[in-house]
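Peer 1: A predicted structure for the sequence below; I have some questions about it.
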Amino acid sequence: MISPQELAQRLGLPEPTPDQAAVIQAPLAPMAVIAGAGSGKSETMAARVVWLVANGLIRPERVLGLTFTRKAAAELSDRVRRRLGQLREHDDLIDPAILDGEPTVSTYHAYAGRLFGDHALRAALEPTMRLITPAVAWQIAARVVDAYDGPMDHVDWAPDTVTKAVIALAGEMSEHLRVPGDIREVGAWLRERLAEVKKPTKTHQGRIMDTQALREQLLPLVEAYQRAKARREVLDHGDQLALAARIARDHREVGVIERSRYGVVLLDEYQDTSHAQLVLLKSIFGGGHPVTAVGDPCQSIYGWRGASAGNLLGFVRDFPEGDRLAPMRQLSTSFRNGERILDAAARIQTELREEAKDVPRLWPGAAQQARGRIECALLDTVEDEAERLAERLAALLRQPREIAPDGAVWDHVTRHGPGLQASDIAVLARKRSQFPLIRTALEARGIPVEVVGLGGLLTVPEVQDVVATLKVVHDPSAGASLARLLTGPRWRLGPRDLVALGR
């Protein structure tokens, strides 16, 4: 059997660390892997697939990889395909005909959607039910809210806020596989407990009861929203996931079919899975199937929609190997950050790591020893912050090519190398409202900028004009959007003209 180190040498890849090699050549059994930021998680997952294929333990088409975003799924799929393509060139290692198939790499929601389409009839549901976009879901919920005439004495929000709350509560119930009756049972339990408290306070018990009362008054709207979707034979993402989880839980033959289709399963970013996703995956791939869950409890970002970082630490119990707990391995070497940055991160995460005792801190690789630089600044305004940031980045880009960002001399780039480029720099902002300020400050210094995601697109002036036009078409009384169009480059009305028009 070829080792991970030998396979990496044959394919011209960096040799894995001992931690990575232990994950790559682990037996075909359940396994959890705690992998911190920059610890080579994606590379290790791809290397495990290639190692299993190269040693004849699995065919590529029997591998399933799941992650959260389409971008992450595309990146993981591309990485695995490139590695298998390299393996195909070594016919002394493996018969190239075995590599004709390709792994399945998908998002968790897309996989749930495929399961629902394949097995909806088992739950007496139409597999052709249409998945709606968030915009259509909003339209359906808004009509429900507008038509509702029931009691709302605990809800003092505007209709748009109520619509948002109805969709959010319906989504939370789906993510936790709950129905309205469960919410009402919790309310009854809370009222019984409140009656036992001698001196309840508004700050503590009162706030809990107010929140519960608000939820119970929203429940008729949630039920009406669910009926409206059922009449139209449509589903939102939460419905699709919840129904897939219930089908997998209640029909064991679904698991038999999926396990026969996929011999190895890789679960990426497992710390962000919700209760419904846990039920779905456990129902299908529990009982000792070769499942590798990779993630970092310190990076859980989807708690607002029911995700639980405890899912990763609980994997060893949820996916046992017979009567034994599944093993938990760790990737503790960071290839992304230097020693000083990792030390600062470890100090900031002290309390978080006390709660998750099984999570190790990251250590730098040999190339990052005593590297990195931390700078802190507390400025008066967000505008000052953007200017300081832009000036600092401009200074970095002006540095000689042989000087690294932390001031050290590059040991792998010559004086004639590329040096630091704008595309090598990433800026993380606390909130989207900071994006325009930072972008303006960088562009003023001639630094090219790309803002990732829809939030970045909405800061482009031309796109803002399009959005303003759509808002005015929908609502002619949208004053801010109308003013933007009238004072913009097309009509160029001045303040006095606007006053006359207003009159």
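Peer 2: Good, I have the coordinates. Numbers count the residues shown, from 1 in each chain.

Peer 1: need the pLDDT of the residue nearest in space to the middle of the chain.
Peer 2: Among the residues of the chain, residue 68 comes closest to the average C-alpha position under Cα atoms, centre = their mean, at 5.2 Å. As predicted, residue 68 sits at a pLDDT of 90.

Peer 1: what's it sitting at in phi/psi?
Peer 2: Backbone torsions for residue 68, taken as degrees, to the nearest 10, come to phi -90, psi -40.

Peer 1: quick one: residues contacting the nearest residue to it once chain neighbours are set aside.
Peer 2: In space, and not counting its chain neighbours, residue 68 is closest to residue 269: 5.2 Å by Cβ to Cβ, 6 or more residues apart in numbering. Backbone N, C-alpha and C define where each C-beta goes, glycine included. By Cβ atoms under 8 Å, 6 or more residues apart in numbering, the contact set of residue 269 is 67, 68, 72, 294, 295, 299.

Peer 1: which ones among those map onto strands?
Peer 2: Those of the contacts of residue 269 mapping onto strands are 67, 294, 295, per DSSP state E.

Peer 1: out of these, the closest to residue 20 would be?
Peer 2: Nearest to residue 20 out of the ones in strands among the contacts of residue 269 is residue 294 (Cβ to Cβ; 11.6 Å).

Peer 1: could you tell me how many residues sit around the closest residue in space to the closest one that isn't next to it in sequence?
Peer 2: Nearest residue to residue 294, sequence neighbours excluded (Cβ to Cβ, 6+ apart): residue 33, at 4.5 Å. The tally of other residues near residue 33 (other Cβ atoms under 10 Å) stands at 29.

Peer 1: likewise for residue 432?
Peer 2: 14.

Peer 1: look up how far residue 457 lies from it.
Peer 2: The spacing between residue 432 and residue 457, counted by Cβ to Cβ, to the nearest Å, is 11 Å.

Peer 1: residue 468 too?
Peer 2: Applying Cβ to Cβ to residue 468 and residue 457 gives a distance of 14 Å.

Peer 1: same check, this time on residue 203
Peer 2: The value you get for residue 203 to residue 457, if Cβ to Cβ is used, is 42 Å.

Peer 1: more crowded one of the two?
Peer 2: residue 457 (12 against 7).

Peer 1: mind listing what the more buried one touches?
Peer 2: Contacts of residue 457 by Cβ under 8 Å, 6+ apart are 451, 463.

Peer 1: count of neighbours near residue 283?
Peer 2: Neighbours of residue 283 (other Cβ under 10 Å): 21.

Peer 1: then residue 1?
Peer 2: Residue 1 has 9 neighbours, counted by other Cβ under 10 Å.

Peer 1: and it, what does it touch?
Peer 2: So residue 1 contacts residue 55 (Cβ under 8 Å, 6+ apart).

Peer 1: what of residue 292?
Peer 2: Listed by Cβ under 8 Å, 6+ apart, the contact set of residue 292 reads 23, 26, 30, 31, 32, 33, 45, 48, 264, 265, 266, 267.

Peer 1: alright, calling it a day.
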